[in-house]
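> can you look at this prediction? I've put the sequence above it.
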Amino acid sequence: METNVLRPKDAIVANIIESYLLAEAHKLVELNSIPNGRVDASLVLDGELERLSGLTGRFEALPPGVFYPLSTTIGKFRSRKYLRCVGIKFYPHVLSLPAFDYVSLSEPFSFDEIFKPSCNKQLIRNLRRAPDHSEVIRILDAYFIEQLFTNFSPDNWILDVTRAIESESSAQLKIVKVAEGMGMHIKTLERRFQKTIGLSPKSFSAIIRLQQAMKNIQKNRTTISHGDLMDALEHGYYDQSHFIKSCMQITGLTPKRVLMGLPRNVTDIFQISFSKK
């Protein structure tokens, strides 16, 4: 699978979107996604993407544009043929925008549930015709400005909470400290966070710490070694055993198994296999 990571150019969009991931697979491919502390979305430009449903236990075709709420479980995907798509990694506080007030966060939901279907179809047509990466960024930035901010304004409390958690690399982070800094009772913060984000602050913090460690290990790496795994200690793990245990709890796999399958500069999607067909 070929991947390119792009960053939003618009300052407002960059406040809610971390990156755009252009992905292209020329063969049948199976993918796993691990929790990354981000709200993900995908736009399929060509081909079809399927996801293993937790409700039915079967792979089911996804809409061309779909959001994936935060989770603490691994996600399984596959394409049955040539696939070209755009992955979008939102910061979790995007869920505090009024556009998401009436959607369920337990399962993926279509762009058509919150944005105008005609606009979504035009977005995909425009992306298909984009001549280069700069135009892809311009099209996506303009779309999300129009869809998320024309008639809505964000509730900044969740932004303050997630930024406080993400800026604290130590495993000793106490959510009560975040609540006190906001003048909010700890139980109130936990209840509002769970309702908005779909995870407890503690679970979110554990995922963020793992992702920060993964990014640090991936930086300029060519192979995975014992020394690479020890780099995780910079992110507040007590020792290597603690890091491995945390990774196993979140992903179900050892850090080495996850890291060996990650495309370069991508810390949350790894390839399982290519079909020989």
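Cool, the structure landed. Model, not experiment: these values are computed from the prediction.
> please count neighbours and contacts with C-alpha atoms only from this point.
Noted.
> quick check: closest non-adjacent residue to K245.
Nearest non-adjacent residue to K245, counting by Cα to Cα, 6 or more residues apart in numbering: T254, 8.0 Å away.
> so who does the one you found touch?
Counting by Cα atoms under 8 Å, 6 or more residues apart in numbering, T254 touches I244, K245, C247, M248.
> in helices only, show me those.
I244, K245, C247, M248 (DSSP state H).
> now, which of those sits nearest E190?
C247 (23.3 Å; Cα to Cα).
> any idea how many residues pack against the closest one?
23 (other Cα atoms under 10 Å).
> correct me, but it touches L253?
Yes - at 6.7 Å, C247 counts as touching L253 under the criterion of Cα atoms under 8 Å.
> what strand or helix carries R138?
According to DSSP states H and E, R138 maps onto helix 133-149.
> pull the CA atoms of that helix into PDB?
Backbone C-alpha positions of helix 133-149 (Å, rounded to 0.1, in the frame of the first residue of the first chain) are rendered in PDB as follows:
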ATOM      1  CA  HIS A 133      -1.200  17.200  -3.400                       C
ATOM      2  CA  SER A 134      -1.500  21.000  -3.000                       C
ATOM      3  CA  GLU A 135      -4.900  20.900  -4.700                       C
ATOM      4  CA  VAL A 136      -6.000  18.000  -2.600                       C
ATOM      5  CA  ILE A 137      -5.200  20.000   0.600                       C
ATOM      6  CA  ARG A 138      -6.900  23.100  -0.800                       C
ATOM      7  CA  ILE A 139     -10.100  21.100  -1.700                       C
ATOM      8  CA  LEU A 140     -10.300  19.300   1.700                       C
ATOM      9  CA  ASP A 141      -9.500  22.500   3.700                       C
ATOM     10  CA  ALA A 142     -12.300  24.400   1.900                       C
ATOM     11  CA  TYR A 143     -14.800  21.600   2.300                       C
ATOM     12  CA  PHE A 144     -14.300  21.300   6.100                       C
ATOM     13  CA  ILE A 145     -14.400  25.000   6.600                       C
ATOM     14  CA  GLU A 146     -17.700  25.200   4.800                       C
ATOM     15  CA  GLN A 147     -19.300  22.100   6.400                       C
ATOM     16  CA  LEU A 148     -18.100  22.500  10.000                       C
ATOM     17  CA  PHE A 149     -17.700  26.300  10.600                       C
END
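> so for the residue nearest to K245, what's the pLDDT?
pLDDT for T254: 86.
> phi and psi next, for R78.
Backbone torsions for R78, taken as degrees, to the nearest 10, come to phi -160, psi 160.
> quick one: buried residues of the helix or strand hosting L189?
Assigned by DSSP H and E, L189 falls within helix 186-197. Within helix 186-197, the residues that qualify as buried are L189, E190, F193, T196, I197, counting by 16 or more other Cα atoms under 10 Å.
> having no further points to raise, I will conclude here.
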